[in-house]
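Novice: pasting the structure only:
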Ligand SMILES: [Zn+2]
């Protein structure tokens with residue numbers, strides 16, 4: 001009798017666990033996505049005709065950083081939440097969005113000091129029902145996420161392209177001259193921990209389409225120190241081996257989130273343009289995440305570009321004006337040829353605006369007296385120039 005009761009309770013308990021798992025699998029991914037990727041000022045926006053007309057005249061708007069691929073959303077469908085998707089990017093005249101693969105983030109995340117011994121992305125992969133090899137293996141994780149972009153492109157009816165080479169980009173630019181209702185993505189990695197300290201994995205992620213690697217994310221890794229790590233060290237032996245190999249393969253080096261020491265060390269050995277995919281600048285917003293004038297000047301000297309992000313912690317404000325202020329400050333310091341957009345859309349941030357709000361930045365830059373030509377460079381022409389020179393043939 002007692003045995004039967006225990007057995008019954010056990011069955012009910014197990015059934016409850018299964019039910020909870022099924023419910024979490026169905027509702028969890030969208031819940032997380034909505035929870036983490038909100039917008040302070042959602043569309044529609046009140047934009048002056050002058051700014052809107054100028055913005056629409058740009059043939060190459062580009063943004064250096066989005067974590068959209070992390071969230072297991074059908075990006076080919078318009079969502080009524082978060083910050084972007086392919087239909088919204090097309091409507092917003094976005095020619096090329098960098099999709100950067102967010103691959104590990106420690107528990108208890110903060111901006112000052114994070115250990116590397118935990119990983120919340122594992123739980124996200126399991127909740128989203130991703131392949132088992134992505135649960136604990138960071139290289140497999142980024143390769144899988146890269147494949148999802150290629151699959152979206154295949155399923156897009158010619159609306160979404162993946163750019164991996166100079167010729168891809170040239171062909172795409174020619175196509176877009178005839179039809180602006182298309183958009184493209186370029187794959188990057190946020191945090192070289194995805195290479196697991198093994199140089200052979202660089203070729204594997206390259207083969208998956210990755211053309212930019214952010215050296216560190218929120219913790220120190222095999223390459224060097226993070227601005228938010230425990231020891232904020234400089235470059236490691238592996239890092240010294242990695243940079244020249246990345247340059248040989250024409251994979252761009254991104255130093256967003258790097259510790260000041262790591263930035264110094266990379267600047268000392270890099271021979272190609274350095275990218276900062278998403279940042280703020282100490283000149284308008286002084287915190288551990290943002291770049292000093294000295295670093296901005298040195299990065300520009302490599303022929304590199306600095307992408308300004310669109311969330312409060314990067315620009316110390318909650319308006320498009322704060323974003324424009326950071327852009328203007330950087331342009332005044334290093335020249336318009338070295339500044340770009342690096343929104344950090346869908347990067348577990350509360351964005352100031354969604355993708356269709358980009359003309360608001362144009363409006364503010366015009367109000368600050370920036371020339372139309374300089375605004376055109378910042379909104380995407382700089383990215384086009386650097387890619388046409390530095391992508392593989
Ligand atoms: Zn980031």
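Specialist: Structure's in. What do you need? The shown structure was predicted, so the numbers you read here are calculated from the model rather than taken from an experiment.
Novice: for the stretch 201-350 of the chain, which segments count as helices?
Specialist: 237-249, 260-269, 293-301, 312-315, 320-334 (DSSP state H, counting those that start in this stretch).
Novice: for these, which one sits closest to residue 385?
Specialist: Comparing the helices of the stretch 201-350 of the chain by their distance to residue 385 (C-beta to C-beta), the top pick is helix 293-301, with 13.5 Å. All C-beta atoms are positioned from the backbone trio N, CA, C, and that covers glycine.
Novice: what about the longest helix in this structure?
Specialist: The longest helix of the chain (DSSP state H) is helix 2-36.
Novice: make a markdown table from the helices of the stretch 201-350 of the chain and add distance to residue 384, mean neighbour count and mean pLDDT to it.
Specialist: Listed next are those as a markdown table, based on distance: least, C-beta to C-beta, whole Å; neighbours: other C-beta atoms under 10 Å; pLDDT from 0 to 100:
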| stretch | distance to residue 384 | mean neighbour count | mean pLDDT |
| --- | --- | --- | --- |
| helix 237-249 | 20 | 16 | 98 |
| helix 260-269 | 24 | 19 | 98 |
| helix 293-301 | 17 | 18 | 98 |
| helix 312-315 | 23 | 22 | 95 |
| helix 320-334 | 17 | 23 | 98 |
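Novice: could you dump those into TSV and include distance to residue 380?
Specialist: Formatted as TSV, those follow (distance: least, C-beta to C-beta, whole Å):
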stretch	distance to residue 380
helix 237-249	23
helix 260-269	25
helix 293-301	17
helix 312-315	19
helix 320-334	13
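Novice: picking up where we left off before, pLDDT of the longest helix of the chain, averaged?
Specialist: Averaging pLDDT along helix 2-36 gives 84.
Novice: what's the answer for stretch 46-65, then?
Specialist: Averaged across stretch 46-65, the pLDDT comes to 97.
Novice: just the buried residues of that stretch, please?
Specialist: Using 16 or more other C-beta atoms under 10 Å as the test for burial, stretch 46-65 gives 47, 51, 54, 55, 58, 60, 61, 62, 63, 64, 65.
Novice: tell me the spacing between the third one and residue 329.
Specialist: Spelled out, that is residue 54. As judged by C-beta to C-beta, to the nearest Å, residue 54 and residue 329 stand 21 Å apart.
Novice: over to the fifth one?
Specialist: Note on residue 58: its distance to residue 329, by C-beta to C-beta, is 22 Å.
Novice: ok, now the last one?
Specialist: Relative to residue 329, residue 65 is positioned 19 Å away (criterion: C-beta to C-beta).
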